[in-house]
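Colleague: Sequence and predicted structure, then a few things I'm wondering about:
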Protein chains: 2
Amino acid sequence: MDQLARTPKDIGHAIRRARKQQKLSQQELATRSGIWQETISKIENGSSGARLETIFDLCAALDLEIVIAKRSQSNTDFLEDTL
Amino acid sequence: MDQLARTPKDIGHAIRRARKQQKLSQQELATRSGIWQETISKIENGSSGARLETIFDLCAALDLEIVIAKRSQSNTDFLEDTL
DNA sequence: GCACATTATGGTCCAGAGATCATATTTTGT
DNA sequence: ACAAAATATGATCTCTGGACCATAATGTGC
């Protein structure tokens, strides 16, 4: 359920996933978050490194949180992208 | 032990914390991560939104990982910055 | 197949991140 | 208090993310 992210692409996937789970269109998310639909599209597709703030905005709008943890407590739940 | 981050400042704190725990200087972290000492200083002090990629680089060098999680499972371990 | 909604692409403009340099300030050991 | 190390500041330059516009491509229901 939690999603490990090592690259911008991973973040994009996590965001898309959450958005779809909440049945929001990019446009709706755009309105909620203040980030443009076009930008969301690019971020979800991992087209290169977004800014932290942008990600925080999107996460806030999607009720996601970002956690920084020490690595290696055997994280196996990685990269089973469903959508 | 895990650190919730809502703002770039939070990320900066988490990074500084981890770096100090590993007894690294900014300069050493800079060498490891490929991010300049000056830039690390700014990020640790939260002087505005870094890029995702930069954070990933720093996290990798510090053995930290970024996890995206659904909010609210009663996260109480927040904001007890020790350093 | 069509209309409509959704998502992606592509261009311009502006602001700011990060490289890189020098230098100032702070911290720390002795 | 001093020297040395560590951190911060600050300036310039380049590059790119994101706002913003239009439009293309794709998906989805009927």
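Modeller: Looks like it arrived, so ask away.
Colleague: Excluding chain neighbours, what is closest to residue A:22?
Modeller: Beyond its immediate neighbours in the sequence, the residue positioned closest to residue A:22 (CB to CB, 6 or more residues apart in numbering or on different chains) is residue A:62, lying 6.7 Å away. C-betas here are computed from N, CA, C, even on glycine.
Colleague: Report the contact partners of the nearest residue to residue A:63 once chain neighbours are set aside.
Modeller: For residue A:63, ignoring the flanking residues on the chain, the nearest one in space by CB to CB, 6+ apart is residue B:71 at 4.7 Å. Going by CB atoms under 8 Å, 6 or more residues apart in numbering or on different chains, residue B:71 touches A:63-65.
Colleague: Helices - which of those land there?
Modeller: In helices, judged by DSSP state H, none of the contacts of residue B:71 are found.
Colleague: And these, which of them are buried?
Modeller: Among those, the ones that count as buried by 16 or more other CB atoms under 10 Å in any protein chain shown are A:64-65.
Colleague: Serialize the contacts of residue B:71 to CSV and add fields for pLDDT.
Modeller: As requested, the contacts of residue B:71 are exported to CSV (pLDDT from 0 to 100):
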residue, pLDDT
A:63, 95
A:64, 94
A:65, 93
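Colleague: Strands - which of the contacts of residue B:71 land there?
Modeller: Using DSSP state E, A:64-65 are the members of the contacts of residue B:71 that sit in strands.
Colleague: How about the contacts made by the residue nearest the centre of chain A?
Modeller: Nearest residue to the geometric centre of chain A (CA atoms, centre = their mean): residue A:15, 2.5 Å. Contacts were defined as CB under 8 Å, 6+ apart; by that measure residue A:15 touches A:40, A:43-44, A:55, A:58-59, A:62, A:64, B:68.
Colleague: nearest to DNA strand D, of the residues you listed?
Modeller: Proximity of those to DNA strand D was ranked by CB to the nearest atom of the strand; the top entry is residue A:43 with 5.7 Å.
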